[in-house]
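Visitor: Below are the sequence and a predicted model for it; my questions follow.
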2 protein chains.
Amino acid sequence: MSENPTPRRQRAAPRRDQLVASALALFVREGFHGVGIDRILAEAGVAKMTLYKHFRSKDELIVAALMRRDSDYRNWLMREVDRQTDKPNEALVAYVDAVRLWCRNPDFNGCTFINAAAEFRTPDHPVHRAAAEHKQAVFAFVENLAKDAGLVNPKRIAMQVRLLVDGATVMKQTTGSEEGFLVARDSVVKLIAAARK
Amino acid sequence: MSENPTPRRQRAAPRRDQLVASALALFVREGFHGVGIDRILAEAGVAKMTLYKHFRSKDELIVAALMRRDSDYRNWLMREVDRQTDKPNEALVAYVDAVRLWCRNPDFNGCTFINAAAEFRTPDHPVHRAAAEHKQAVFAFVENLAKDAGLVNPKRIAMQVRLLVDGATVMKQTTGSEEGFLVARDSVVKLIAAARK
DNA sequence: AATTTGATATACCGATCTGTATACTATAAC
DNA sequence: GTTATAGTATACAGATCGGTATATCAAATT
């Protein structure tokens, strides 16, 4: 009769989720130093003490927000690449197109993790580390795409693609132009053609 | 007998220069929001009122610091590329090596302009605009290198090189690895080989 | 010598920042 | 019904923020 078969340990924490979601949205739009906790609390409709019951500091909330962003982004990316093509040798190009699509989002403000590393520059700062881990995870994803395509030296191809895409992302943010993605895309096409086994 | 032939208008303003220099050094190390004007004043040994006689706001000081950074960086870059090679078809590779060298500086904390655009995200903000103008100027420099090398479609080559280098810079800042620059360098070598007339 | 100029020191303003303390409330478990 | 639990509201602490006001001072101009 019990509606929940797993007896203890609810693990819902809806307030925490609300806090992370509101914080993330604000951080993405206006930066980490640019948003105070009071704004976050107002947006989330949560009391201040609740925040400090779930997180020991604002930095901890930032890290949690970045972890959610990482998860959201990589999940979206995988689905989008899958959606675009099921041919392994087209997946890398689909990846570039997917990122371009992502950056077309109206409230795009540059790669959130590049921004995080820019605002928290010390390499051992938890926020900086979270950004580094995200970059590493995305690289691993792209490397797998290159492996699945059966290309020679997939790690090298993956890095080239990552450099081009991060460069295009930076260009889009600073100058507003999408041209970098088009150039990156063509470069990747040629890269793949040259790396066919 | 007059030691200065141009009579009026001395234009020295040493305090202003000191302020800009100290501000820039601190901004590079700890970010724009991360450094308050009091720290800058203490570092420069200048009174607060002097700052506000030369600049209307902190943002104006930031823009001035970025303009100096732009000038310092581009001058250094031109000299370094010249120093490395006098053969036009090697200059683009020398450019990549030069940026790698620049990023080896012990107090490197990512591209100052990418960081500026990350902290001031609104495209019409003066600081963001200064960052965009710097990127544009660097692109023009690289494009000229490509033209001097007599490559086909120099604009396109220049953009590919710029994407790779910005990507490598981001990688170096986030993960600390210099590998991006090595991959970028090799990619540029192959790019040039394929674009020989 | 008188005056303008550029810079100084110091105090202060209101706002905002992260984080804490305290007391109250609703819900759910035992 | 009693008691934890989770959250709320409010106030406040201590610091720092960007920026201003005022009064003084030294040097250079006239």
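Guide: Good, I have the coordinates.

Visitor: can we go C-alpha only for contacts and neighbour counts from here?
Guide: OK.

Visitor: Okay, now the unreliable bits of chain A?
Guide: Along chain A, the parts satisfying pLDDT under 70 run over A:1-12, A:197.

Visitor: Do a quick rundown of the helices in it.
Guide: A:14-30, A:37-44, A:48-54, A:58-84, A:91-103, A:112-119, A:126-148, A:154-175, A:179-194 (DSSP state H).

Visitor: Next, the angle helix A:112-119 makes with the fourth one.
Guide: Taking axes from the mean of the first three to the mean of the last three C-alpha atoms, to 10 degrees, one finds helix A:58-84 and helix A:112-119 inclined to each other by 150 degrees.

Visitor: returning to that earlier point: for residue B:123, find the nearest of the helices of chain A.
Guide: Among these, helix A:154-175 comes nearest to residue B:123, with 7.7 Å by C-alpha to C-alpha.

Visitor: what's the angle from that closest one to helix A:179-194?
Guide: Here helix A:154-175 points in a direction 170 degrees away from that of helix A:179-194 (the same axes, to 10 degrees).

Visitor: and the helices of chain A as TSV, adding distance to chain B and mean neighbour count?
Guide: Formatted as TSV, the helices of chain A follow (distance: least, C-alpha to the nearest C-alpha, whole Å; neighbours: other C-alpha atoms under 10 Å in any protein chain shown):
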stretch	distance to chain B	mean neighbour count
helix A:14-30	7	19
helix A:37-44	16	16
helix A:48-54	23	13
helix A:58-84	14	17
helix A:91-103	13	20
helix A:112-119	5	25
helix A:126-148	5	20
helix A:154-175	4	25
helix A:179-194	7	18
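
Visitor: Select, out of these, the one closest to residue B:64.
Guide: Evaluated over the helices of chain A, closeness to residue B:64 peaks at helix A:154-175, with 18.1 Å, by C-alpha to C-alpha.

Visitor: Export that closest one to PDB, keeping only CA atoms.
Guide: C-alpha atoms of helix A:154-175 as PDB (Å, rounded to 0.1, in the frame of the first residue of the first chain):
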ATOM      1  CA  PRO A 154      41.500  10.500 -32.500                       C
ATOM      2  CA  LYS A 155      43.000  12.300 -29.500                       C
ATOM      3  CA  ARG A 156      44.700  14.800 -31.700                       C
ATOM      4  CA  ILE A 157      41.700  15.300 -33.900                       C
ATOM      5  CA  ALA A 158      39.600  15.800 -30.800                       C
ATOM      6  CA  MET A 159      41.900  18.500 -29.600                       C
ATOM      7  CA  GLN A 160      41.900  20.300 -32.900                       C
ATOM      8  CA  VAL A 161      38.200  20.300 -32.900                       C
ATOM      9  CA  ARG A 162      38.000  21.500 -29.300                       C
ATOM     10  CA  LEU A 163      40.400  24.400 -30.000                       C
ATOM     11  CA  LEU A 164      38.400  25.500 -33.000                       C
ATOM     12  CA  VAL A 165      35.100  25.300 -31.200                       C
ATOM     13  CA  ASP A 166      36.300  27.200 -28.100                       C
ATOM     14  CA  GLY A 167      37.900  29.800 -30.300                       C
ATOM     15  CA  ALA A 168      34.600  30.200 -32.200                       C
ATOM     16  CA  THR A 169      32.800  30.500 -28.900                       C
ATOM     17  CA  VAL A 170      35.100  33.200 -27.700                       C
ATOM     18  CA  MET A 171      34.700  35.000 -31.000                       C
ATOM     19  CA  LYS A 172      31.000  34.800 -30.800                       C
ATOM     20  CA  GLN A 173      31.000  36.300 -27.300                       C
ATOM     21  CA  THR A 174      33.500  39.000 -27.800                       C
ATOM     22  CA  THR A 175      32.600  40.300 -31.300                       C
END
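
Visitor: picking that back up, okay, the helices of chain A in JSON lines with distance to residue B:146 next?
Guide: Below are these laid out as JSON lines (distance: least, C-alpha to C-alpha, whole Å):
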{"stretch": "helix A:14-30", "distance to residue B:146": "36"}
{"stretch": "helix A:37-44", "distance to residue B:146": "48"}
{"stretch": "helix A:48-54", "distance to residue B:146": "54"}
{"stretch": "helix A:58-84", "distance to residue B:146": "34"}
{"stretch": "helix A:91-103", "distance to residue B:146": "25"}
{"stretch": "helix A:112-119", "distance to residue B:146": "28"}
{"stretch": "helix A:126-148", "distance to residue B:146": "30"}
{"stretch": "helix A:154-175", "distance to residue B:146": "18"}
{"stretch": "helix A:179-194", "distance to residue B:146": "16"}
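
Visitor: Can you lay out those helices as TSV showing distance to DNA strand D?
Guide: Formatted as TSV, those follow (distance: least, C-alpha to the nearest atom of the strand, whole Å):
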stretch	distance to DNA strand D
helix A:14-30	5
helix A:37-44	9
helix A:48-54	5
helix A:58-84	13
helix A:91-103	30
helix A:112-119	14
helix A:126-148	20
helix A:154-175	23
helix A:179-194	34
